[in-house]
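Participant: can you look at this prediction? I've put the sequence above it.
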Amino acid sequence: MDSQRKIDVTDAKILKALLRDARTSFTEIAKECNVKANVIRTRYNRLKQDGVITGEILEVKPEFFGYNCRATLRLRVDTDKIGSVVNQLKCTPEILRTAEGVGRKNLLCFTITRNITEMNKVVEHVKGFSGVTTAEADLWVMTTRESFPENLQISNEEH
């Protein structure tokens with residue numbers, strides 16, 4: 001669904017609960033909404049069908065697997081080559097996510113490696129992609145949490 005869908009208070013409560021913790025049971029959400037669990041299940045399925053909910057995410061702690069070096073790569077890419085560069089980044093195992101932007105750097109890459117030496121190799125590898133004119137890495141000192149999806153402001157939610 002490309003256009004914005006109307007969200008009522010119950011839908012907003014469902015979304016907020018699941019953004020806080022995607023494993024929240026429909027029964028638990030139903031109690032908060034003063035409805036039965038089958039109402040929550042039906043609304044959840046409709047939200048999913050309408051494209052409001054696009055999936056569920058499992059998060060793991062990368063450090064458990066020895067990945068102790070995280071960075072944001074800021075790239076300057078020729079505009080006509082962004083698609084090609086993104087395709088190459090998809091094939092680079094250390095690149096977890098990309099985001100296209102506007103400004104001096106027009107492509108961001110969220111990257112993870114085991115150490116700084118591997119990170120430098122990734123940066124040099126990416127610098128070699130056709131269309132990449134600049135690549136800089138900003139190392140993360142510490143990550144407290146991957147994301148804060150529960151901070152998303154949803155219309156019609158009660159405060």
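Facilitator: Now that the structure is in, tell me what you want to look at. Residues are numbered from 1 along each chain as shown.

Participant: tell me the SS of residue 130?
Facilitator: At residue 130, secondary structure determined by DSSP: H, G, I helix; E, B strand; the rest coil is coil.

Participant: tell me how far it lies from residue 16.
Facilitator: 44 Å (C-beta to C-beta, to the nearest Å). Just so you know, the C-beta spots here come from the backbone N, C-alpha and C atoms, and that holds for glycine as well.

Participant: who's more crowded, those two?
Facilitator: Shown here are residue 130 and residue 16; by other C-beta atoms under 10 Å, residue 16 has more neighbours (19 against 10).

Participant: and that one, what pLDDT?
Facilitator: Predicted confidence (pLDDT) for residue 16: 92.

Participant: what does it show for phi and psi?
Facilitator: Main-chain dihedrals, residue 16, degrees, to the nearest 10: phi -60, psi -40.

Participant: do residue 86 as well
Facilitator: Dihedral angles of residue 86 (phi, psi; degrees, to the nearest 10) stand at phi -60, psi -40.

Participant: and for the one 5 residues further on?
Facilitator: Note on residue 91: backbone dihedrals following degrees, to the nearest 10 are phi -90, psi 10.

Participant: contacts only, for it.
Facilitator: Under the criterion of C-beta atoms under 8 Å, 6 or more residues apart in numbering, residue 91 has no contact partners.

Participant: in the chain, what spans have low per-residue confidence?
Facilitator: 1-3, 143-147, 156-159 (pLDDT under 70).

Participant: go with 50
Facilitator: Counting by pLDDT under 50, the chain contains low-confidence residues at 1.

Participant: packing partners of whichever strand or helix holds residue 112?
Facilitator: Per DSSP states H and E: residue 112 is located in strand 107-113. With contacts defined as 3 or more C-beta pairs under 8 Å, 6 or more residues apart in numbering; DSSP states H and E, strand 107-113 has these neighbours: strand 69-77, helix 82-90, strand 95-100, helix 116-127.

Participant: report the angle between the helix or strand just after the last one and strand 69-77.
Facilitator: Beyond helix 116-127 on the C-terminal side, the first helix or strand identified by DSSP H and E is strand 132-140. Taking axes from the mean of the first three to the mean of the last three C-alpha atoms, to 10 degrees, one finds that strand 132-140 is oriented at 160 degrees with respect to strand 69-77.

Participant: quick one: buried residues of stretch 87-101?
Facilitator: 88, 89, 94, 95, 98 (16 or more other C-beta atoms under 10 Å).

Participant: would CSV of the residues you listed with distance to residue 72 be doable?
Facilitator: Output for the buried residues of stretch 87-101, formatted as CSV (distance: C-beta to C-beta, whole Å):
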residue, distance to residue 72
88, 18
89, 13
94, 12
95, 11
98, 11
